[in-house]
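Visitor: After the sequence you'll find the predicted model.
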Amino acid sequence: MDHYAEDQDRIFKRKKIDVMAPLKKTTMLLLLMLSSIMLFAQGDKEVMADTMRSNGRIYVVIAVVVTILLGLILYVFRLDRKISRLEKDK
Amino acid sequence: MTGTKNYMYRSWWKIASIILLLYTFVGGFLLDVPRLPALGETIRNLYFHVCMWFAMMILFTVSLVNSIRYLRTFNLKYDIAARQYATVGIVMGILGYATGAIWMSYTWGDPNNPAFESFSSIAREPKLIGAAIALLIYFAYMVLRDSINDMDKRARISSVYNIFAYAMLFPSIWIIPRILPSLHPGAPETGGGGNPALDVKDIDNRMRLVFYPAVIGWTLLGVWITTLKIRIAFLKEKKLM
């Protein structure tokens, strides 16, 4: 009885080590690969205005914003000229 | 005062400002930016919101230099310049605060709650409180100036106050927000400390391509507006004298 049990235990232990070691490695490898895939997915999932860029609507936004900027600059420029004229009158 | 052809009457830096700002507006929308969670396309606010603060800091620094020059020479033109630089600096600061308020309500707020609901946590941001303190101290500079009628007394007291106000910028917007935990970049927990938008590790190379020209462009626009205000102030002074 005793002999038999000991043997079985040893065999069982050895078996356990033999089977689990490569399994652990593969699971770890799989987990690492998965985590990298998840990271990639996170970057891609972030909503960016890609459609707006691809169909060219972004240029409409730029046209509007640049028009406002130019209008403001023109205003400052005209103020500059006016003040210069006032300074010459003095 | 106005006869000498100094920087206020040269046009090359005004043209540079226009070109840099046009580049900012076009490049800021078209060039590539990193894809970051929670930020998305709003990362382009770096070219506008952060530049407001940079322009404010530079204008306040010029204001400080003019105040010190006044105290060294007692020439009133430096005091006028210091006042106008501080005014436009405050305008830039208010714009920075307002744009920051819009930006944060879409990125810092709890996505499951409306911005109003998550306000109590956002309002505790040390960066917000510090910036508010800094701006209020500069509001006090204006109040102090305009409450004194005697010209020389006003110039002297407000110049000294301006130096103190500038000194208060250091703890309120540069030191304390870097010590306390905060959602704003530059806090010890989020970015590992450092200077937001200036740190080499913190900012993407693609963004630096637009960010630095944007800072210069916005600052020069601020200086341009300031010189107009200074020239009007000189004209007024001449009328009085």
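Guide: Cool, got the structure.

Visitor: now the chain, which segments are flagged as low pLDDT?
Guide: Assuming you mean chain A. A:1-46, A:90 (pLDDT under 70).

Visitor: Wait, chain B was what I had in mind.
Guide: Applying pLDDT under 70 to chain B flags the ranges B:1-5, B:110-111, B:113-116, B:189-202, B:241.

Visitor: how close does B:Gly186 get to B:Trp174?
Guide: 9 Å (Cβ to Cβ, to the nearest Å). Yep, even glycine has a C-beta here, placed from its N, CA and C like the rest.

Visitor: Mind checking which of those two has more residues around it?
Guide: Neighbour comparison, B:Gly186 and B:Trp174: the larger count goes to B:Gly186, with 20 against 14 (by other Cβ atoms under 10 Å in any protein chain shown).

Visitor: Which of the three states applies to the closest residue to B:Glu125 other than its chain neighbours?
Guide: Distance criterion Cβ to Cβ, 6 or more residues apart in numbering or on different chains; nearest residue to B:Glu125, sequence neighbours excluded, is B:Ser182 at 5.4 Å. Here B:Ser182 is recorded as coil under DSSP: H, G, I helix; E, B strand; the rest coil.

Visitor: Verify the stated contact: B:Ser182 with B:Pro126.
Guide: Yes: using Cβ atoms under 8 Å, B:Ser182 is in contact with B:Pro126, at 5.2 Å.

Visitor: quick one, which of the two is more surrounded?
Guide: When B:Ser182 and B:Pro126 are compared for neighbours, B:Ser182 comes out ahead with 22 against 19, by other Cβ under 10 Å.

Visitor: how close does the more buried one get to chain A?
Guide: As for B:Ser182, its distance to chain A is 23 Å (criterion: Cβ to the nearest Cβ, to the nearest Å).

Visitor: for that residue, phi and psi?
Guide: Here is the backbone geometry of B:Ser182 (degrees, to the nearest 10): phi -160, psi 160.

Visitor: measure it to B:Leu128 for me?
Guide: According to Cβ to Cβ, B:Ser182 and B:Leu128 sit 9 Å apart.

Visitor: who in chain B is up against chain A?
Guide: Residues of chain B lying close to chain A (Cβ under 8 Å from any Cβ of the partner chain) are B:2, B:9, B:14, B:18, B:21-22, B:25-26, B:29-30, B:35-37, B:40-41, B:221, B:224-225, B:228, B:231-232, B:235, B:238.
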